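S.K.: Next comes the sequence, and after it the predicted model I'd like to discuss.
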Amino acid sequence: MIATFINLGGPDLLVVLVILGLVAGTIAVLVVFANVMIRRQAAAGGPGLAQPTPVAERLKTLDQLKEDGTVTEAEYETERKRILSEV
């Protein structure tokens, strides 16, 4: 396959380069379009995008996990610091 491209010359090479350029351009346009759609969905609270859980609710859940013995004191402190650092 590589040998075929190496032996291309003149107009054949130009055709291959034009096709590769069109493919790359098409991919770039699709990536930009996808990013625009994702941003629009995020702004509208669109489907598939999880809304962040409020800090107070996360801390309450963490407190409950600690009371239930699901997490250790060290895990509780680590997670609590992480949650508060996001504020």
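M.R.: Alright, I've got the coordinates.
S.K.: out of all of them, which helix in the chain is the longest?
M.R.: Ranked by residue count under DSSP state H, the longest helix found in the chain is helix 11-43.
S.K.: can you give me the mean pLDDT across that one?
M.R.: Averaged across helix 11-43, pLDDT comes to 78.
S.K.: mind listing what's buried in stretch 22-39?
M.R.: Across stretch 22-39, burial judged by 16 or more other CB atoms under 10 Å covers no residue at all. (C-beta placed from N, C-alpha, C; glycine too.)
S.K.: before we move on, back to that, can you name the next helix or strand after the longest helix of the chain?
M.R.: Per DSSP states H and E, the first helix or strand lying C-terminal to helix 11-43 is helix 55-68.
S.K.: which residues are in contact with that next one?
M.R.: 71, 73, 76, 79-80, 83-84, 86-87 (CB atoms under 8 Å, 6 or more residues apart in numbering).
S.K.: ok, of those, which come out buried?
M.R.: For the contacts of helix 55-68, buried by 16+ other CB under 10 Å: 71, 76, 79-80, 83.
S.K.: quick one: T26 and D12, what's the gap?
M.R.: Applying CB to CB, to the nearest Å, the value for T26 to D12 is 22 Å.
S.K.: Domains in this protein, by residue range?
M.R.: When the chain is parsed with automatic domain parsing, its domains come out as 1-50, 52-87.
S.K.: Tell me which other helices or strands whichever strand or helix holds K81 touches.
M.R.: K81 is located in helix 73-85, with elements delineated by DSSP H and E. Counting contacts by 3 or more CB pairs under 8 Å, 6 or more residues apart in numbering; DSSP states H and E, helix 73-85 packs against helix 55-68.
S.K.: ok now the helix it packs on, how far from the chain's centre?
M.R.: Remark: helix 55-68 is offset 28 Å from the chain centroid, using CA atoms, centre = their mean, to the nearest Å.
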